[in-house]
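Visitor: structure of the sequence below:
(chains A and B)
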Amino acid sequence: MLDLSKYQSIGQALKDALDQYADEVCLIEADREREKERLTYRDFKARAHPFVTALQEGGFAAGGRASIIMTNQSKWLISAYAIFFAGGTLVPLDYKLTADEQWQLVKHSGASVLITEYPIWRQLGASAGRAAATNVQAILVTEAPANADLAGAQRWEEFRGAGEPIFVPRGRKDTACVVYSSGTGGRPKGCMMTHENYLEQCAPFPALYPLWPGATYLSILPTNHAIDFMLGFFYPFVSGAIVVHLRTLRPEYVRAAFPKYKITYVTLVPVVLKNLQKGLQARFEALSPWKRKLFNGLVAVNKALTRSRPRVGLSRLLLKQVHEAFGGQLRAIIVGGAFTEPQVLRFFYDLGISVANAYGLTEACTGITVNDLKPFRADTVGKPLPGMEVRIMNPAADGVGEVSVRSKTVMAGYLNDPELTAETIVDGWLLTGDLGRFDETGHLQLSGRKKNMIVTEEGKNIYPEDVETVFESLAVKEFCVFAANYIWPKRSMVGEKLVLVVHLEPGQQYGEVLRRDINARNKRLLNYKRVHGVVILDEDFPRTASLKIKRNVLAERLAKLDNATAILSL
Amino acid sequence: MRTLEQTTQEVLDLAAKHFQLPAGSLEPADDFFKKLGIDSLQTLEMLSRIENHFGIELPDYEVQGVSDFKTLAERIQSRL
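Guide: Okay, here's the model as predicted:
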């Protein structure tokens, strides 16, 4: 990997990587079983530079913001590289949001350029939200059919300038990206990530999970997500490694990609890892009794031999068929985005497949702690990465308190929200809102959440405020949505649920009509955002002078109720 | 060649069958994530079934952002 301590910006590091590894393959793009493209770092540069020139000819300059809304593909990375080369700030947005939500964040970010794909543009272009995003001056659309009406956008492929672009240097403290950690229905949380955040985050990776020219990273998690941006773009590029994009997430093609491209690393969210486990278990159960006995014996031997540390070579020999299904080159599966149950991690480790269990949040760039696998510990999220100071604030008698972090990877703040920034970063410490303790070996064990939110197994952060809009004008005196764990703290990071708290009008009963209305509204939400029960509170909600609900005070009042009986089913 | 109406009806029938719902319980304007309460992996399974039925290939990115049956049927129609 390049020596990142020498660099001031990620744009500068990426620029050098393209020259240093010019002859190495950097990107493979496949559509199902067909390989569509294979680019070297030299090819990548040849594609990117005319795009930078065109951006600069259009007036895009230092500090300019450009948003990307695309699925994982080569043009995502080419566009991002171009934005950094021109000294701009990238605003990567989630392609899975609705068009209205995307426009809302594009507007909030102040981006002047929007880069997207034709299928997404069809939704965006038709959305009423477009009218409000007056900050957008240029829209570039990839892969549009020849006869398509682009509704004011330009073709990405034709957006090319002549002549060499001018590299625009940026400082370590300048904002490289604005990454939205949430806020589609409520208060947008645009994390301002500096160049230093990324450079410092990446520095310790080679010692833990090395990459080299020829090593392959399968990029499945959306690249707009902090994890894939780092592991599926920046880190492999500054290491001269290969990023593989599949353009499909259908399980059969993802499975086939492992042996086809000899994948070295992949990152999955817990729900996908669990699916993978289920599939493997079903295959093991289908073995004949004696084969299963033999297999279980080999697993037991592998388990005994890898007790103190992984021995990948040995595991590959012992459990050849399992490892061949994963391509035979897999070094680790990285799991992130949400909490993973220990039994799932244990299952893979016993097969000799290391699962790097880590903990982090967008506000701290990517990772805060990671399991070093010496020895493997399924019950913790590992030790702090080098350069991370992690402290437990106000620990209780059992050592559990709020996890807080101080490091060069902590964001500069939330875009246009100094109030929220001041609440989140106190005296230089980022308050994560997660509860945990350090055990005697220095491993962090997470045990719940202090903040009013839930994280699904798919790695989606759900904030109650973002769900409330669907219940607006509900025929009750007032209502509020909470994470049940926030009211009644539970020492767990799984099975988190939202509840709807309602204060009925005088004389009103919680009857069938109201229940049906709540259910009907609930169904308008995506399944993972739905509330799971109703809590009736017969008192006025505490409010601020500006009539906002004081959620923390209300939660304290609700905590006095018995949660076993207070939550009514829907 | 099917008309768009025929394609839409076939998509609705296939989805109802796939998720074991009574025939006729889905409408073209229904949002399939919300109506069926399914996640993206289940949607991919449904798409594979639709592809087999129509004998076409419908890339994930082509249907990215599509959440109602009517638009889905239009995307299928353009590939028939």
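Visitor: lowest average confidence, helix or strand, in chain B?
Guide: Least confident helix or strand of chain B, by mean pLDDT, DSSP states H and E, is helix B:32-36 with a mean of 77.
Visitor: how far away from the center of its chain is the following helix or strand past that one?
Guide: As assigned by DSSP states H and E, the chain's next helix or strand after helix B:32-36 is helix B:40-54. Helix B:40-54 sits 8 Å away from the centroid of its parent chain (C-alpha atoms, centre = their mean, to the nearest Å).
Visitor: which stretches of chain A have low pLDDT?
Guide: Along chain A, the model assigns pLDDT under 70 to residues A:183-186, A:493.
Visitor: let me know the outermost residue of it.
Guide: Relative to the centre of chain A, the most outlying C-alpha is that of A:G507, 46.1 Å out, by C-alpha atoms, centre = their mean.
Visitor: helix, strand or coil: sort out that one for me.
Guide: Using DSSP: H, G, I helix; E, B strand; the rest coil, the structure places A:G507 in coil.
Visitor: please report phi then psi for it.
Guide: Per-residue torsions, A:G507: phi 80, psi -10 (degrees, to the nearest 10).
Visitor: on that earlier part again, could you dump the least confident helix or strand of chain B to CSV, C-alpha only?
Guide: Below are the C-alpha coordinates for helix B:32-36, written out as CSV (Å, rounded to 0.1, in the frame of the first residue of the first chain):
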residue,chain,number,x,y,z
PHE,B,32,-44.8,-4.4,-3.7
PHE,B,33,-42.4,-3.7,-0.8
LYS,B,34,-45.2,-2.2,1.2
LYS,B,35,-48.1,-4.4,0.2
LEU,B,36,-46.2,-7.7,0.4
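Visitor: and that helix, is it in reach of chain A?
Guide: Yes - applying C-beta under 8 Å from any C-beta of the partner chain, one finds that helix B:32-36 is in contact with chain A at B:F33, B:K34, B:K35. From N, CA and C alone the C-beta is placed, and that goes for glycine too.
Visitor: list the buried residues for the helix or strand harbouring A:R557?
Guide: Assigned by DSSP H and E, A:R557 belongs to helix A:551-559. Burial within helix A:551-559, assessed by neighbour count using 16 or more other C-beta atoms under 10 Å in any protein chain shown, is assigned to A:R551, A:L554, A:A555, A:L558.
Visitor: over to stretch B:34-50?
Guide: For stretch B:34-50, the neighbour count (16+ other C-beta under 10 Å) marks B:K34, B:K35, B:L36, B:I38, B:D39, B:Q42, B:T43, B:L44, B:M46, B:L47, B:I50 as buried.
Visitor: what about chain B: which of the buried residues of helix A:551-559 touch it?
Guide: Okay, of the buried residues of helix A:551-559, nothing touches chain B (C-beta under 8 Å from any C-beta).
Visitor: can you tell me which of those residues is nearest A:H323?
Guide: A:A555 (48.4 Å; C-beta to C-beta).
Visitor: any idea how far that closest one lies from chain B?
Guide: 28 Å (C-beta to the nearest C-beta, to the nearest Å).
Visitor: so what's the closest residue to that residue other than its chain neighbours up against?
Guide: Using C-beta to C-beta, 6 or more residues apart in numbering or on different chains and skipping residues adjacent in sequence, the residue nearest A:A555 is A:I487, 5.0 Å away. Going by C-beta atoms under 8 Å, 6 or more residues apart in numbering or on different chains, A:I487 touches A:V499, A:A555, A:L558, A:A559, A:N563.
Visitor: count of neighbours near the last one?
Guide: Neighbour count for A:N563, taken as other C-beta atoms under 10 Å in any protein chain shown: 16.
Visitor: out of the residues of helix B:32-36 next to chain A, which is nearest to A:M1?
Guide: Distance to A:M1, by C-beta to C-beta, is smallest for B:F33 among the residues of helix B:32-36 next to chain A, at 40.5 Å.
Visitor: near chain A, which residues of chain B? Just list them.
Guide: Taking C-beta under 8 Å from any C-beta as the criterion, the neighbours of chain A within chain B are B:33-35, B:37-41, B:44, B:47-48, B:57, B:59-67.
Visitor: tell me how many other residues crowd A:K320.
Guide: Burial measure for A:K320: 12 neighbouring residues, criterion other C-beta under 10 Å.
Visitor: state the distance from it to chain B.
Guide: To chain B, A:K320 is 29 Å away according to C-beta to the nearest C-beta.
Visitor: again with A:T98
Guide: As judged by C-beta to the nearest C-beta, A:T98 and chain B stand 8 Å apart.
Visitor: same check, this time on A:N224
Guide: 13 Å.
Visitor: can you verify my assumption that A:V455 contacts A:I462?
Guide: Yes - here A:V455 reaches A:I462: they are 7.4 Å apart, a contact under C-beta atoms under 8 Å.
Visitor: can you list the residues of chain A near chain B?
Guide: A:31-32, A:71, A:73, A:95-96, A:98-99, A:117, A:119-120, A:122-124, A:247-251, A:271-272, A:275, A:458, A:523-528.
Visitor: which residue packs closest to A:M388, ignoring adjacent ones?
Guide: Nearest non-adjacent residue to A:M388 (C-beta to C-beta, 6+ apart): A:S407, at 4.6 Å.
Visitor: what's the neighbour count on the one you found?
Guide: There are 21 residues near A:S407, going by other C-beta under 10 Å.
Visitor: identify the residues contacting it.
Guide: Contact partners of A:S407, counting by C-beta under 8 Å, 6+ apart, are A:E200, A:A364, A:I368, A:G387, A:M388, A:E389.
Visitor: so what's the fourth one up against?
Guide: Listed by C-beta under 8 Å, 6+ apart, the contact partners of A:G387 are A:E200, A:A203, A:P204, A:S407, A:K408, A:T409.
Visitor: can you tell me how far A:Y7 is from A:L373?
Guide: 29 Å (C-beta to C-beta, to the nearest Å).
Visitor: repeat that for A:A46.
Guide: With distances taken as C-beta to C-beta, A:A46 is found 40 Å from A:L373.
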